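In: model this:
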Amino acid sequence: MSNAFYAPGEPRAAKVRHLFALIARRYDLINDVQSLGLHRRWKRRVADLAGVQSGDRALDVCCGTGDLAFALAARGVEVVGLDFSEAMLTVAKSKVQSPKSGVELAAPRFLHGDALAIPFPDASFDIVTVGYGLRNLSNWEAGLREMARVVKPGGRLLVLDFGKPDHALWRAVYFGYLKLFVPLLGLVFCRKAGAYAYILESLKRYPAQRGVEAKMRELGLTNVRVINLLGGAMSINYGEKTSNHA
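Out: Below you'll find the model as predicted:
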């Protein structure tokens, strides 16, 4: 089935940019609805697993509206959020200027940039994260390679994204949810069902947690592990860069 917001390969970038320009203002609300608010807990889990230490620098790739970047910054470290969608960055920056909580938030620095050509030198960050972004790249393997490049020796790399449950029945139920219910959110909030039907289309062609795990090992990362959430419907991939990494 064709989708106005999904295409494999090189055309992917333009499709994703168009998609996020459309949904940016409602992105956080739709995420809250489709995950029953759980996505915020999962992002905090990533920040916990990052093992933040005093003096660390963190990069959140494909930062979107900034949830994960803020979760890291709240732990007292310098954070850069990088995204190629100006519309999503506008929302992220608005959270710095007008915190809803009434409490001043630690402020990440948000930059416009491409995850496939991260504009920082090798070994620039102690922590590099990506939440719901790796799957959206035209070449996820190249994106993961770039993330590994900018991690310092001894640093941590974490990926949060939709997963593929190992259990066949649960996978069928979960894919059914993505196929039938989630597109309704796109229809209700954006007047376009395809705006969220793209999730299943992209997931079908993404190797999910097992593929990311294998690629992390291929890149020479150590202590590689998968943390499955909701029976593997969501997942966190974790890896560390060794001190003698080439």
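
In: Let me see the ranges of the helices in the protein.
Out: Ranges of helices in the chain, per DSSP state H, are 12-23, 27-35, 38-49, 67-73, 86-97, 140-150, 168-180, 182-190, 194-204, 208-218.

In: tell me the most buried of the ones you listed?
Out: Each of the helices of the chain was scored by mean neighbour count; the highest is helix 67-73, a mean of 27, by mean count of other CB atoms under 10 Å. For every residue, glycine as well, the C-beta is placed using N, CA and C.

In: Point out where the protein drops to low pLDDT.
Out: For the chain, the stretches flagged by pLDDT under 70 are 1-13, 15-16, 97-106, 182-197, 244-246.

In: returning to that earlier point: redo the helices of the chain as TSV? Include distance to Leu116.
Out: Listed next are the helices of the chain as TSV, based on distance: least, CB to CB, whole Å:
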stretch	distance to Leu116
helix 12-23	9
helix 27-35	22
helix 38-49	21
helix 67-73	19
helix 86-97	17
helix 140-150	5
helix 168-180	26
helix 182-190	26
helix 194-204	16
helix 208-218	15
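
In: nearest to Ser243, of these?
Out: helix 140-150 (14.2 Å; CB to CB).

In: Quick check: which of the helices of the chain is nearest to Asp60?
Out: Here helix 67-73 is closest among these (CB to CB), at 4.2 Å.

In: With only the CA atoms kept, save that closest one in CSV.
Out: What follows is helix 67-73 as a C-alpha-only set of coordinates in CSV (Å, rounded to 0.1, in the frame of the first residue of the first chain):
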residue,chain,number,x,y,z
ASP,A,67,11.4,15.4,25.2
LEU,A,68,14.6,13.3,25.4
ALA,A,69,16.9,16.3,25.2
PHE,A,70,15.1,17.8,28.2
ALA,A,71,15.2,14.6,30.1
LEU,A,72,18.9,14.5,29.8
ALA,A,73,19.4,18.2,30.5
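
In: Mind listing residues that contact it?
Out: For helix 67-73, the surrounding residues in contact (CB atoms under 8 Å, 6 or more residues apart in numbering) are 28, 39-40, 43-44, 46-47, 50, 52, 58, 60, 63, 79-81, 92, 95, 105-108, 110, 127, 129, 131, 160.

In: Go ahead and confirm Glu240 touches Leu157.
Out: Yes - under the criterion of CB atoms under 8 Å, Glu240 makes contact with Leu157 at 7.4 Å.

In: Which residues are in contact with Gly55?
Out: Neighbour list for Gly55: Val77 [criterion: CB under 8 Å, 6+ apart].

In: just the one 5 residues further on next, same as before
Out: Asp60 is in contact with 66, 68-69, 72, 79-82, 108, 128-131, counting by CB under 8 Å, 6+ apart.

In: picking that back up, quick one: which of the helices of the chain is nearest Ala233?
Out: Here helix 168-180 is closest among these (CB to CB), at 4.9 Å.
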